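**Student:** everything below, folded, please.
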Amino acid sequence: RRRSPPPINGTGEADDSTTFGGTYYDADGGFDLTADTGFSLAGGAATGFLSNNADIAFITGTIVLADGSHLAINTGSGGGNIALAAITGTSVEDVILEAGTGSVTVGQIGTDAASDDINQVSLSGAAGITLNGAIFTGDDAGTPGDVTLNDPVSLGNTLAIDTTDDSSGVDGAVTFSGTLQSTSAFSQGLTLTAGSGNVTFSGIVGGGGLVLGDVLINSAAAVDADAAFTARSFTQSAGTGATTFDSSLTTTGADDSDGGAVDITTGGMITLSGTVTTDGGADVADAQGRNAGAVTLVGDTVSVAAINARGSVPTTFSNGAGVGGAVTITSTNALPQITLNGDIDASGGAADTPGAGGAVTFNDDVVLAGGVNRAISTGSGGGNIVFSGTVRSTTAFVEGLTLTAGSGNVAFGDVVGGGGLVLGSVLINSAAAVDANAAFTAKSFTQLVGSGTTTLTTGLTVDGADDQVGGTIDITADTISAGGLL
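**Tutor:** I've put the predicted structure just below:
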């Protein structure tokens, strides 16, 4: 049973469904419509609903877009709000919602990831966009199903945005042009599947204390975050382009909770220009320190600033301390390169019995950058520090290393300071065993404490730069084994 549309100004109700057969509705005073089973737009062409700064709402029921019936709602440049329960299409229709200085609230758009019944989605509302449901889009004859959110977004629920089209392989981009936040801190998360489309976060994510829940990017080409990004955890499972964070990435745990993991895997390069922090949450309940989240980075080349993956401190020092998070970095390039632009701290929390440190592992060649020594610490609780590939400075005799492994080991698997890019000063504050398996060249080498064997398989060279005095070798360890010249 279908009924004619109710008056376009004011409030209307329908027991079953309401069909709009036209393509233009001028609701000057706005309207508020309900229908038990939904609304059908059957005009067969782009269908517009306009108001003069007044609200437009389809409160209950799904709006079903017939073939070619693209939806456009515009409340003017003033403060009219738009509220829609849900939208589905028939043959990849577009959805454009423009609320001027008002707000947009919308439930699910699209049927599911397989249906590809919606093409492009563009939402605008300066007072904010609230997403209460998933968004699914698909390709329309080569036009990708881009999702563009032009103003600040709040997540009303944990939800997914999927812009992939399995049949054509033409995937859409996902763009958050404004800020993005949860409704309740650490609660509402986001799963993005963009395939060959890009994912862009232009504004602050998880700001104002409204930290996002878990964020998962199943697939994307490039991923770009231009401002501070805070979530319970962040995972990118796959990517073909660059992943770039221009500011901080934070997954510190909520009070009395462990820190969240940062896990990024992409075929493109990874550039993290701000500090990555996965610290354990504060011990507000006076029970125990909390563990930090792990940091795992796998990219073509990887460039990182500071990384903090520290276990938290218990309020009462006799309680257990939080464990530091493991940091593992891998470069998959044929000429691999990991550039270290900041310090790494994977220490366990301080306590009567300190928390264990997280292991720090560089699986490929490392370049030290920034003109200063780079400090890597796994704390007194111990955690291994492993350089599997070569280690060199950016400028000879300038960038060095300060390593604190506590009861953990320090290992250098390949040449250190080779190719004329001699390290600056190398200082090992503490370690159990120290193992250098290839030539090691630095301005100076000092090991203050060692509880195990220090092994220099092919010797150790401390050269002075031109017109400079040669450096010193000062090793304190339980046993010293030198297989080459010192």
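
**Student:** these two touch, right, Ile109 and Val121?
**Tutor:** Yes: between Ile109 and Val121 there is a contact under Cβ atoms under 8 Å: 5.8 Å. Where C-beta positions appear, they are placed from N, C-alpha and C, glycine not excepted.

**Student:** shared neighbours, these two?
**Tutor:** Taking Cβ atoms under 8 Å, 6 or more residues apart in numbering as the contact rule, Ile109 and Val121 both touch 95, 135, 137.

**Student:** count of neighbours near the second one?
**Tutor:** Taking other Cβ atoms under 10 Å as the criterion, the count of residues near Ile135 is 25.

**Student:** so what's it bridging to?
**Tutor:** Per DSSP bridges, the residues bridged to Ile135 are Ile109, Ile161.

**Student:** need the pLDDT of it.
**Tutor:** In this model, Ile135 is scored at 98, pLDDT.

**Student:** you'd agree Ala227 is up against Gly203?
**Tutor:** Yes: taking contacts as Cβ under 8 Å, Ala227 lies within contact range of Gly203: 5.6 Å.

**Student:** can you tell me the closest non-neighbouring residue to Ser312?
**Tutor:** Gly280 (3.8 Å; Cβ to Cβ, 6 or more residues apart in numbering).

**Student:** tell me which residues touch the residue most central in space within the chain, please.
**Tutor:** Compute the mean C-alpha point of the chain, and by Cα atoms, centre = their mean the closest residue is Phe234, 4.5 Å away. By Cβ under 8 Å, 6+ apart, the residues touching Phe234 are 215, 249, 251, 260-264.

**Student:** correct me, but Ala432 touches Ile385?
**Tutor:** No: in this structure, Ala432 is not within contact of Ile385 by Cβ under 8 Å, at 10.9 Å.

**Student:** let me see the backbone angles for Gly355.
**Tutor:** Main-chain dihedrals, Gly355, degrees, to the nearest 10: phi -70, psi 150.

**Student:** need the pLDDT of it.
**Tutor:** At Gly355, pLDDT is 96.

**Student:** quickly note the distance from Val372 to Asp300.
**Tutor:** According to Cβ to Cβ, to the nearest Å, Val372 stands 26 Å off from Asp300.

**Student:** which one of those two has more residues nearby?
**Tutor:** Between Val372 and Asp300, Asp300 has the larger neighbour count (other Cβ under 10 Å), namely 19 against 14.

**Student:** coming back round to it: name the SS class of the residue nearest to the centre of the chain, please.
**Tutor:** Look at Phe234: counting by DSSP: H, G, I helix; E, B strand; the rest coil, its state is strand.

**Student:** please tell me how far it sits from Thr390.
**Tutor:** From Phe234 to Thr390 the distance is 29 Å (Cβ to Cβ).

**Student:** can I get the CA coordinates of stretch 194-211 in PDB?
**Tutor:** Taking Å, rounded to 0.1, in the frame of the first residue of the first chain, the C-alpha atoms of stretch 194-211 are listed here in PDB:
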ATOM      1  CA  ALA A 194      39.200   1.700   0.600                       C
ATOM      2  CA  GLY A 195      41.000  -0.800  -1.600                       C
ATOM      3  CA  SER A 196      42.800   1.300  -4.200                       C
ATOM      4  CA  GLY A 197      41.300   4.500  -2.800                       C
ATOM      5  CA  ASN A 198      43.100   6.900  -0.500                       C
ATOM      6  CA  VAL A 199      42.200   7.600   3.100                       C
ATOM      7  CA  THR A 200      42.700  11.200   4.400                       C
ATOM      8  CA  PHE A 201      42.300  12.700   7.800                       C
ATOM      9  CA  SER A 202      42.700  16.500   7.500                       C
ATOM     10  CA  GLY A 203      41.700  17.500  11.100                       C
ATOM     11  CA  ILE A 204      42.400  16.300  14.600                       C
ATOM     12  CA  VAL A 205      41.300  12.800  15.300                       C
ATOM     13  CA  GLY A 206      40.100  11.900  18.800                       C
ATOM     14  CA  GLY A 207      40.600  15.300  20.200                       C
ATOM     15  CA  GLY A 208      39.000  17.100  23.100                       C
ATOM     16  CA  GLY A 209      39.200  13.900  25.200                       C
ATOM     17  CA  LEU A 210      36.800  12.100  22.800                       C
ATOM     18  CA  VAL A 211      39.400   9.500  21.900                       C
END
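
**Student:** list the buried residues of that stretch.
**Tutor:** Of the residues in stretch 194-211, 194-207, 210-211 count as buried by neighbour count, 16 or more other Cβ atoms under 10 Å.

**Student:** also stretch 62-73?
**Tutor:** Quick answer for stretch 62-73 (16+ other Cβ under 10 Å): 62-66, 68-73.

**Student:** in stretch 247-258, what's buried?
**Tutor:** 247-254, 256-258.

**Student:** what's the end-to-end length of stretch 62-81?
**Tutor:** Across stretch 62-81, the terminal residues are separated by 18 Å (Cα to Cα, to the nearest Å).
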